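Student: I need the structure of the sequence given here:
(chains A and B)
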Amino acid sequence: MTVSPATRRRKARKSFVERTITGVGAAIEQTVYGEAYARQDGFLQRVDPRAKLGLFASALLVIGLVHDLVLLAGLWLALLGLGLVARLPFRVIAVRTMLGVPLFTGLVALPALFLIDGRPLFTIGPLGPVTLAVTDQAILSVATFLLRVSASVTLAALLVLTTRWADLLKALRVFRVPDVFIVVLGMTYRYIFLVLRLTENLFLGRASRTVGTTSPGEQRRWVGASMGTLMSRSLKLSNDVYAAMVARGFSGDVRTLTTFRMRDEDWLFVSLGIALLGLAWLVDLSR
Amino acid sequence: MEQSELVFRLEGVSYCYHGRHPALDQVDLVVEPGEQLVILGANGSGKSTLLKVLDGLYRPTSGRIWAFGEEITDVADDPERARWLHRRVGLVFQEPDVQLFSPTVYDDVAFGPLQLGWPEEQVREHVEHALRAMEVSHLADRAPYELSGGEKKRVAIATVLAMDPEVILLDEPTANLDPRTRTALVHLIRGMRDLGKTVILTTHELDIVPILATRVVVFGDQERRPVASGHPDEILGDVDLLVRTNLIHEHLHWHGQLAHAHPHAHDGEHLHEHR
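Tutor: Numbers count the residues shown, from 1 in each chain, chains lettered A, B, ... in the order given. Coordinates of the predicted model:
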C-alpha cells in the first residue's frame, strides 16, 4: 500500500503532547540559561541592580523621546555593544531583538507605510479601484518606529539577561513598589517552575503510556482533565505555602531585607549613563 | 512534671479534614523538654496532621492542647498568640518546595526571623548561623529550583533553625533522599540534641529510629492515635506491634521447596538473598 505525501507529512508532524513537552522544557531551559548569563562576571552584571534599573528606565524614556533616525540607530548599536561588553553571546540578543521585532512590530507598522502623507517614492497597484503609494515620510516614520522598538527591546533584554530575577525584583523598591507586591511577584516566579515541571511530568507520563495515535476528541478530553488536575494541585500548593508562611510568623505584613549597597563604580556608571543620555536628547532637540 | 514545664500536652485531640475524613482520633500525648521524640506510623496514620495541630496551623475538631503551660487549642484563630507559638515551635514540612517560596535561599532563611520583627543585624547573624549549621552556606545565593532534593531538605531545616525555636517539628525529614544525603541529614538532626532543642519527628523508616529517638510513640494506621510509647529498643523489639501497625510486613520467600515467612522492613527497592 502506498502512503500519500500528505499522510507522511501528517505522521511526521509532532503531536500536541510532544510539542507541549518541548515547549515546557524550552521555557525552563531558557530561564535557567538566562540566569546563567546573569551570574557571569561581566561589566553589566557587576552593576548594582538599582543603578541599572534606574538608568535603563531613563534610557527607555530618552529612546521614546528621540526622533532622529541616526541618533536612534546609534543608541541601538551602543546597546548591542554594551551586551557584548557584558559577555552576552550576540546570538542571544539577536534572537530577542532582530527576529521578534521585525516580525511583530513590522506587522503592526505595515499599514502606516501606505497611510502617511509625503513625497511618493513608489506605488503599488492599481489593486482594483485603489493604488497604494509609499511616501518618504512613511518610510521614515516606520523606520523610526522599528528602531525605537528594537532599542527598547534590546534594553529590556540586557536588563533581564544581566540581572538575576531575585535582584531585579528587589531593585523595584527604587520605584517605591510596595514590598508585598515584590514578594508576591517573587513567589509567582518561584512556583511557575514547579507548575511547569508538574505539567512536563503530566505530559511525559501520558506520552510514555501512549501507543499508536489518539483521536483529537481524546486529546481534548485529556487536556481538559490535565487542566483540572493542575488547578487542584495549584490550590493545594497555595494552601500549603500559606501554612508554611504562617508557621514562620507571617501575619499579613511582609518584611524583607535590604541587600544592596551602591559602590563608587555604580555611581560612576549612573552618572556617565545619564550624561550620555542627556547629550543624546539635547542633540536630538537641536536638529 | 508540672504542666507548665511540659512542652506539649494533648487531651483527646481529634481532627477531621472537611469535617468528614478523620485524621486524628482522641490523641493523648505529653512531650517533655529536651526529648527527641520519634512518631512512628504507616502512611495515613495522622502523623503529618498531628505536627500541624502541634504547630497551631490546624484547630482540633475536638480535644484540648497546651504548649509551655498555655492552652493553644484555638491559637489558629488568634494571630498574636500564633506568632508567640511560632516563635517557640518551628515546623519543617515534608515537601520542601512548600517551604522554600522566596527567590533565593538566603531570602528564604531570613523570612522567619524578619517576620518576628528582629533587627536586620540579628536577622543576618541568625541566617548565617543556620546556613552554617545545615552546611548550606555555599547555596545562599541560589534559587530554590536550582537545588537537589537533599539540599532543599537542609535549607528547609535552616529556615526553621534561623528562628531559633525551642521545639523543632520535622515531618518525614529523610523521605525520598539518596542513602548518603539521608545519613548526613540524620546526623545533622541528631546534632540538634546538642543545641538543647526538643525535636519531634515523624517517620516510618525504622533504621533511623535508634539514632534519633530518645522516645518513640507508635501511631496505629487504623486507630489514628498512639497505640504504644516507649524506649526505642523496647518498641523496635516488639515485632507483633510493628506488624500490627503496618511498619513491617511478613515477607514470604522460598528455600528450595520450603516456603518461609518472617517479618521484614525495607525502604524502597533492594536486592537480598537468603542462604
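
Student: can you give me the helices for chain B?
Tutor: Under the criterion DSSP state H, chain B carries helices at the ranges B:47-54, B:79-88, B:96-99, B:105-115, B:120-133, B:149-161, B:179-190, B:209-212, B:232-236, B:239-244.

Student: where does the chain have low pLDDT?
Tutor: Since no chain was named, I'll use chain A. Residues of chain A that meet the criterion pLDDT under 70 lie in A:1-18, A:21, A:25, A:28-34, A:258-259.

Student: nope, chain B
Tutor: In chain B (pLDDT under 70), the answer is B:1, B:3-4, B:250-275.

Student: write out the residues of it neighbouring chain A.
Tutor: Residues of chain B that fall close to chain A, judged by C-beta under 8 Å from any C-beta of the partner chain: B:52, B:55, B:57, B:79, B:82-83, B:86-87, B:90-91, B:93, B:95, B:97-104, B:106-107, B:110-112, B:114-117, B:120, B:123-124, B:143-146, B:159-160, B:163. Bear in mind the C-beta positions are built from the backbone N, C-alpha and C, glycine included.

Student: so which strand or helix has the closest residue in space to residue B:57 that isn't next to it in sequence?
Tutor: Leaving aside its chain neighbours, residue B:57 sits nearest to residue A:243 (5.0 Å; criterion: C-beta to C-beta, 6 or more residues apart in numbering or on different chains). Residue A:243 belongs to helix A:216-247 when elements are defined using DSSP states H and E.

Student: who touches the closest residue to residue A:263 other than its chain neighbours in this structure?
Tutor: Leaving aside its chain neighbours, residue A:263 sits nearest to residue A:48 (6.9 Å; criterion: C-beta to C-beta, 6+ apart). Residue A:48 sits next to A:260-263, A:266 when contact means C-beta atoms under 8 Å, 6 or more residues apart in numbering or on different chains.

Student: make it 6 Å
Tutor: If a contact means C-beta atoms under 6 Å, 6 or more residues apart in numbering or on different chains, then residue A:48 has A:260, A:262, A:266 as its contacts.

Student: likewise residue A:182?
Tutor: Applying C-beta under 6 Å, 6+ apart to residue A:182 gives the contacts A:169, A:172.

Student: gap between it and residue A:167?
Tutor: Separation of residue A:182 from residue A:167 (C-beta to C-beta, to the nearest Å): 11 Å.

Student: before we move on, back to that, got a markdown table for the helices of chain B, with distance to residue B:224 and mean neighbour count too?
Tutor: Listed next are the helices of chain B as a markdown table, based on distance: least, C-beta to C-beta, whole Å; neighbours: other C-beta atoms under 10 Å in any protein chain shown:
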| stretch | distance to residue B:224 | mean neighbour count |
| --- | --- | --- |
| helix B:47-54 | 9 | 24 |
| helix B:79-88 | 24 | 18 |
| helix B:96-99 | 23 | 24 |
| helix B:105-115 | 30 | 26 |
| helix B:120-133 | 34 | 17 |
| helix B:149-161 | 26 | 24 |
| helix B:179-190 | 25 | 16 |
| helix B:209-212 | 20 | 17 |
| helix B:232-236 | 18 | 18 |
| helix B:239-244 | 14 | 15 |
